[in-house]
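fold the following.
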Amino acid sequence: LGVTVYHMLSGRPPFTGETPLALAMQHVQATVPDIQLFRKDTPTSVIELLARLLAKSPNDRFGSPSEVLEFLRSHRAGDLKNDWPDHTIPLPGVSVASGSGPMQATLALQSKLRERANKLRIHSLSLAASAALLLTAFGLGAALAHSTPFRLFESKEDYYCGIVKKKDAEEQYRWALLNQDSAIALAKWEAVIYFFPMDDETKPLNRVYAGLASLQLARGHLVRKNVDEARKVLQRTSEDRDMDDVIKALAYLQLAEIESESEREKELFDAIDQALALAKGQNIKTADLPRIHDNVRLLNTKIQDYWFSKWPTE
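Residues are numbered from 1 along each chain as shown. Predicted structure coming up:
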């Protein structure tokens, strides 16, 4: 949702890339460009909202749709006063509750918006429209999260822990990036690997997105203090002979961070050396090196100092 709102406000997506891998790497590593570069009138609260929606770490994001709604409401009388959706879509008698079950108000809003959509052609979206979309989308998400449709004839292979299979590995990965449901925080990354096997030679990108999903899965385990599980995921990814070398280098760097926190000095520097060997190898393009360096800058000082001592020009 953060990517969608950013695109609506700025007229461009926050990340771009010449190839699917480059784009995916931007999502994983790159800093989101300041929205005020494109919309100087963006309220401070919307800037904060986007920062939390697009945060790399799950700990920095909103924990639920209700939290997003409460955040927006808390700024209703502040810098969102003139852009609040009530001023653009007045619905007498309709209020959005912050409670947990299905909301009749949301369903009524959905119905009214559907009727309006058949009559209106929207040429541009204002800040008010963006806020309205946020309220509606999260309201619907909160309602739908509490209902499980009965699927009689669909194959079990199309679902993993309740997660629906997408058309390809790229779409499955992007969906996982945007989904912030804490109940499937690990399963959404496992689903990428489950649905799109890496050994399918007809679809080489499966391995790329499986590798990227593995990096995210390891982060999820670390957030939950499952250090051993995170280490296993990263070791499996870094030791995959057919995995893209950029992803393997990033896996080793994540391993280095784990070993640093565990105070295992030998394993720490071994992991960094492995990442360095890959970064300096022939399989990683010069254009990809800045992304790896940016990733290193997110790690602790010990890793940064050792890494950049081997790259004196960086």
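
now do the SS call for R76.
For R76, the assignment made with DSSP: H, G, I helix; E, B strand; the rest coil gives coil.

give me the distance between it and W189.
Separation of R76 from W189 (CB to CB, to the nearest Å): 35 Å. (Each C-beta comes from the backbone N, C-alpha and C, glycine too.)

looking at those two, which has the bigger crowd around it?
W189 (26 against 15; other CB atoms under 10 Å).

L217 is in contact with that one, correct?
Yes. In this structure W189 lies within contact range of L217 using CB atoms under 8 Å: 4.0 Å.

strands of the stretch 151-300 of the chain, start to end?
159-160, 163-164 (DSSP state E, counting those that start in this stretch).

who does the last one pair up with?
According to DSSP bridges, strand 163-164 has the following sheet partners: strand 159-160 (antiparallel).

can you list contacts of the host helix or strand of E48?
E48 belongs to helix 44-53 when elements are defined using DSSP states H and E. Applying CB atoms under 8 Å, 6 or more residues apart in numbering, the contact partners of helix 44-53 are 1-2, 5-6, 9, 32, 34-36, 60-62, 68, 71-72, 75, 78-80, 127, 130-131, 134, 180.

which of the helices and strands in this structure ranks last by mean pLDDT?
helix 104-117 (a mean of 44; mean pLDDT, DSSP states H and E).

check contacts around I193.
Contacts of I193 (CB under 8 Å, 6+ apart): A210, A213, S214.

apply 7 Å and report the result again.
A210, A213 (CB atoms under 7 Å, 6 or more residues apart in numbering).

now do D242
Counted by CB under 7 Å, 6+ apart, D242 has contacts R207.

report pLDDT for it.
pLDDT recorded at D242 is 90.

lowest average confidence across the strands of the stretch 151-300 of the chain, which one?
Among the strands of the stretch 151-300 of the chain, strand 159-160 carries the lowest mean pLDDT (a mean of 87).

list the contacts of it.
The contact list for strand 159-160, computed with CB under 7 Å, 6+ apart, reads K165, A187, E190, A191, Y194, F195.

if we go to 10 Å?
R151, K165, Q172, I184, A187, K188, E190, A191, V192, I193, Y194, F195 (CB atoms under 10 Å, 6 or more residues apart in numbering).

redo these as TSV? Include distance to L205.
Below are those laid out as TSV (distance: CB to CB, whole Å):
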residue	distance to L205
R151	28
K165	16
Q172	11
I184	23
A187	21
K188	18
E190	18
A191	16
V192	11
I193	13
Y194	16
F195	13
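
among the residues you listed, which are in helices?
Here DSSP state H is the test, and the contacts of strand 159-160 give Q172, A187, K188, E190, A191, V192, I193, Y194, F195 as lying in helices.

now, which of those residues sits nearest D228?
E190 (16.6 Å; CB to CB).

circling back: common neighbours of W189 and L217, please.
If you check W189 and L217 against CB under 10 Å, 6+ apart, the residues they both contact are A176, A210, V233.

with pLDDT, distance to N295 and neighbour count added, can I get the residues you listed in JSON lines?
Shown next, in JSON lines, are the shared contacts of W189 and L217 (pLDDT from 0 to 100; distance: CB to CB, whole Å; neighbours: other CB atoms under 10 Å):
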{"residue": "A176", "pLDDT": "91", "distance to N295": "19", "neighbour count": "23"}
{"residue": "A210", "pLDDT": "92", "distance to N295": "19", "neighbour count": "26"}
{"residue": "V233", "pLDDT": "95", "distance to N295": "17", "neighbour count": "27"}
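
between those, which is nearest V246?
Nearest member of those to V246, counting by CB to CB, is A210, at 13.9 Å.

my read: the closest one touches A251, true?
No. With contacts counted by CB atoms under 10 Å, A210 stays clear of A251, the gap being 11.9 Å.
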